[in-house]
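Student: turn this into a model:
(2 chains)
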Amino acid sequence: MVRRVIEQVYLWILLLLLYAPIIIIIVYSFTEAKVLGNWTGFSWKLYESLFDTGAHHSLMNAMINTIAIALIAATVSTVLGSIAAIGIFNLRARSRKAMGFVNTIPILNGDIITGVSLFLLFVSLGITQGFTTVVLAHITFCTPYVVLSVMPRLKQMNPNLYEAALDLGATPMQALRKVILPEIRPGMISGFLLALTLSIDDFAVTVFTIGNQGLETLSTYIYADARKGGLTPELRPLSAIIFVVILILLIIINRRADKAKKTE
Amino acid sequence: MQKDNEPIIEVKNVSKFFGEKTALDHIDLSIRKGEFVTILGPSGCGKTTLLRLIAGFQTASEGEIRIGGKEITQVPPHKRPVNTVFQKYALFPHLNVYDNIAFGLKLKKMPKDVMEKKVKAALKMVGMTDYEYRDVNSLSGGQQQRVAIARAIVNEPEVLLLDEPLAALDLKMRKDMQMELKEMHKRLGITFVYVTHDQEEALTLSDTIVVMSEGKIQQIGTPTDIYNEPVNCFVADFIGESNILNGTMIKDKLVRFCGKEFECVDEGFGENMPVDVVIRPEDFYIFPVSDAAQLVGKVQSCIFKGVHYEMVVLCDDYELTVQDYHGFDAGTEVGLLVKPMDIQIMKKERTCNTFEGKMVGENRVEFLGCEFDCLSENIKGSVAAGDAVEVEVDFEKVNLEDNASADMIEGEVKFILYKGNHYHLTVHSDWDEDVFVDTNDVWDNGDRVGITIPAEAIRVMPAKADGNVN
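Tutor: Now for the predicted structure:
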């Protein structure tokens, strides 16, 4: 009995510690105080001023940039990564292993290294840094993750499926579209979502490739904001919204996964 | 009738290499329209490769393949008039039964109503009516294979290729499906090319069996031909059970084996020629010792097999396998008799090992990539160092060792034949030449062995004039 109580208490303390920061942010997004930790009564004011574009133009702009970059980078890297995975999968055993290894290096590589090397690359090629370079950089570090999430689907696939499609009269392109693609789609979706969160999250690579044309993403904006002294209060409702949206997304994805498991 | 004899598939001098390995070695095969042909062989014999070349999943390294008179050696699979049934079904998991079967028809842009009729007919053919909208993953193995067959035949191919389609099913299911396949072949009237390693399946289903081993065709014939008149030891050993013995053809219609002379029906082998004798276990008559007995022996073991008893009888030195409805207990003295009709005689492919070699010094000869000592009395004719020579070694003089030492040539046991009182092994040496060995020791397929040849076993003679011009 005592043991069970201790177990429960331990679990709840742990969960509380894990979620305390986000809970505090959400709670204090519903008050007007400029300083975090000051409760001045319930209010929607911060939410109102967040969406009142005049007041916090740069913050909303940063968010829109972040989402645009994430969507473009995730889409492109999903396409590139899936094609790469199919290519690597069809190599002979030895080259497949070698390519698999080469693919994991960027993942294990520190963000800072990736950022610096991309920065140097863009500078040496004389490319002006801005939106395009950030997108390119994000595609670069997202693609290996897509390869990693598509590969297991290919390995699980019955090796004769592609041949069966050809045998039934499909051209190689049709076989790819009608048979291989549906088979690896779950891997592509999880790769896309992974790329999306990685891109939204990224700071180190972004900061090296964003240039000085005034482009801001959420992470660079918050960083700059914090350095100016104190966080803009509107960040609190913004964080709360992002948290809730991602929570909902996660629940949907998990539900889908459960359903897929049940039908198998 | 004339139309029936037209060849639909012609494989001409086809070889396939995977890097250094030869998967198919100059295959010639002609398959007639409407035939049920089985390609039979142990795993790794190249049978699946041959099927994949016909289907177009791989292309031949050499030679030519024709289907319906058209050269298709380099044609991609989606343009060939054949359809394949795979061993692991290869149904599309994201489509239901109906869409799986309609896959090929949809690609041909067939009108919906025609397509529906065809899919229904195909489902009926395989006994799966009412399964149209089932998820393929919810079906049993046998049902999945039926859908796979329906998916292939709905396209009305000229040839249906089947790659071990029943291998993944359990015995009972397999037997049922065999009968159904045979029935289906009759109703459809198209050509079936069926690959299997199961000799019983091949005998049951086929009009023609093609026995393959080591990338070569060993024998082509009807099931009865293959069973009753195997052309070599490999076929005799692989198809059914058999006693394979060393014998001597004394003269036409008289053969000697197990130390006795027997009448037989074969002729044309010459006098006193060494031959291989094949007797099927069920062709022996077994009875208590009497004057009628050609061979007398003692029963070593007796096992009840359901329909018959299988007994091992030791006659002099030879262990013979005998099957009969009546069992005799172990230890019983019995007589054996075999009718002349039931003795199958095969020409020996070789009576000793022959290698190409080279003299490297006095009484020192090089072959199989190694140097060996030999005795001067075993050197025929005059050969000097540097001369190309032919080397002969008797089967029983070759020694095999478990642990190869550094100066020995090594090899892998790849075929074992029990000859009644000894084993005849084919050892594939690392020098890439086969060495044939008679031994009483028990080895397993795939064993790594060291090969030694004593000096007195090596016979050397000058190479034939048309050999090495070195």
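Student: going forward, measure contacts and count neighbours with C-alpha atoms only.
Tutor: Noted.
Student: now stretch B:75-89: buried residues?
Tutor: By 16 or more other CA atoms under 10 Å in any protein chain shown, the buried positions in stretch B:75-89 come out as B:76-89.
Student: that one: end-to-end distance?
Tutor: End-to-end distance for stretch B:75-89, by CA to CA, to the nearest Å: 24 Å.
Student: just the ones in helices from the buried residues of stretch B:75-89, please.
Tutor: Among the buried residues of stretch B:75-89, no member falls in helices (DSSP state H).
Student: show me which of those residues neighbour chain A.
Tutor: By CA under 8 Å from any CA of the partner chain, the members of those lying near chain A are B:P77, B:H78, B:K79, B:R80, B:V82, B:N83, B:T84, B:F86, B:K88.
Student: what's the closest non-adjacent residue to the residue of chain B found nearest chain A?
Tutor: Relative to chain A, the nearest point of chain B is B:H78 (4.1 Å; CA to the nearest CA). For B:H78, ignoring the flanking residues on the chain, the nearest one in space by CA to CA, 6 or more residues apart in numbering or on different chains is A:G169 at 4.1 Å.
Student: that neighbour: which element?
Tutor: Using DSSP states H and E, A:G169 sits within no helix or strand.
Student: quick check: it touching B:P77?
Tutor: Yes. Shown here, A:G169 and B:P77 form a contact pair, counting by CA atoms under 8 Å, at 7.5 Å.
Student: let me see the contact set for B:D430.
Tutor: By CA atoms under 8 Å, 6 or more residues apart in numbering or on different chains, the contact set of B:D430 is B:I409, B:E410, B:G411, B:E412.
Student: list the residues that contact residue 41.
Tutor: You didn't say which chain, so I picked chain A. By CA under 8 Å, 6+ apart, the residues touching A:G41 are A:T31, A:E32.
Student: looking at chain B here, not the other one
Tutor: Counting by CA under 8 Å, 6+ apart, the residues that B:G41 touches are B:K47, B:T196, B:H197, B:D198, B:V211, B:M212, B:S213, B:F238.
Student: could you report the neighbour count for the residue of the stretch 1-150 of chain A found nearest chain B?
Tutor: Residue nearest to chain B within the stretch 1-150 of chain A (CA to the nearest CA): A:R92, separated by 12.3 Å. Residues contacting A:R92 under the criterion other CA atoms under 10 Å in any protein chain shown number 9.
Student: give me the pLDDT value at it.
Tutor: For A:R92, the model assigns a pLDDT of 88.
Student: quick check: the gap between it and B:F57.
Tutor: 16 Å.
Student: up against chain B, what does chain A have?
Tutor: Proximity of chain A to chain B (CA under 8 Å from any CA) is limited to residues A:158-161, A:163-164, A:166-171, A:179, A:182-183, A:264.
Student: flag the least confident of these.
Tutor: Lowest confidence among those: A:E264, with 49.
Student: now the buried residues of stretch B:75-89 in CSV, with pLDDT?
Tutor: Converted to CSV, these look like this (pLDDT from 0 to 100):
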residue, pLDDT
B:P76, 92
B:P77, 92
B:H78, 91
B:K79, 91
B:R80, 91
B:P81, 90
B:V82, 92
B:N83, 93
B:T84, 93
B:V85, 93
B:F86, 91
B:Q87, 87
B:K88, 87
B:Y89, 87
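Student: chain neighbours aside, what residue packs nearest to B:E64?
Tutor: Closest residue to B:E64 apart from its sequence neighbours, by CA to CA, 6+ apart: B:K12 at 5.2 Å.
Student: which secondary structure element is home to the one you found?
Tutor: strand B:7-18.
Student: pull out the buried positions in that strand.
Tutor: B:P7, B:I8, B:I9, B:E10, B:V11, B:K12, B:N13, B:V14, B:S15, B:K16.
Student: same list (those residues) but as CSV, adding pLDDT.
Tutor: Shown next, in CSV, are the buried residues of strand B:7-18 (pLDDT from 0 to 100):
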residue, pLDDT
B:P7, 89
B:I8, 91
B:I9, 92
B:E10, 92
B:V11, 92
B:K12, 92
B:N13, 92
B:V14, 93
B:S15, 93
B:K16, 92
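Student: check the gap between the closest residue to chain B within chain A and B:K118 for me.
Tutor: Using CA to the nearest CA, A:G169 is the residue of chain A that sits closest to chain B, at 4.1 Å. A:G169 is 17 Å from B:K118, where distance means CA to CA.
Student: of those two, who's got more company?
Tutor: A:G169 (26 against 20).
Student: measure that one to B:P42 for me?
Tutor: Per CA to CA, A:G169 is found 31 Å from B:P42.
Student: okay, now residue 50: neighbour count?
Tutor: Picked chain A for this. 20.
Student: I was thinking of chain B, sorry if that wasn't clear
Tutor: The number of residues packed near B:L50 is 24, by other CA under 10 Å.
Student: in three-state terms, label it for me.
Tutor: Three-state assignment for B:L50 (DSSP: H, G, I helix; E, B strand; the rest coil): helix.
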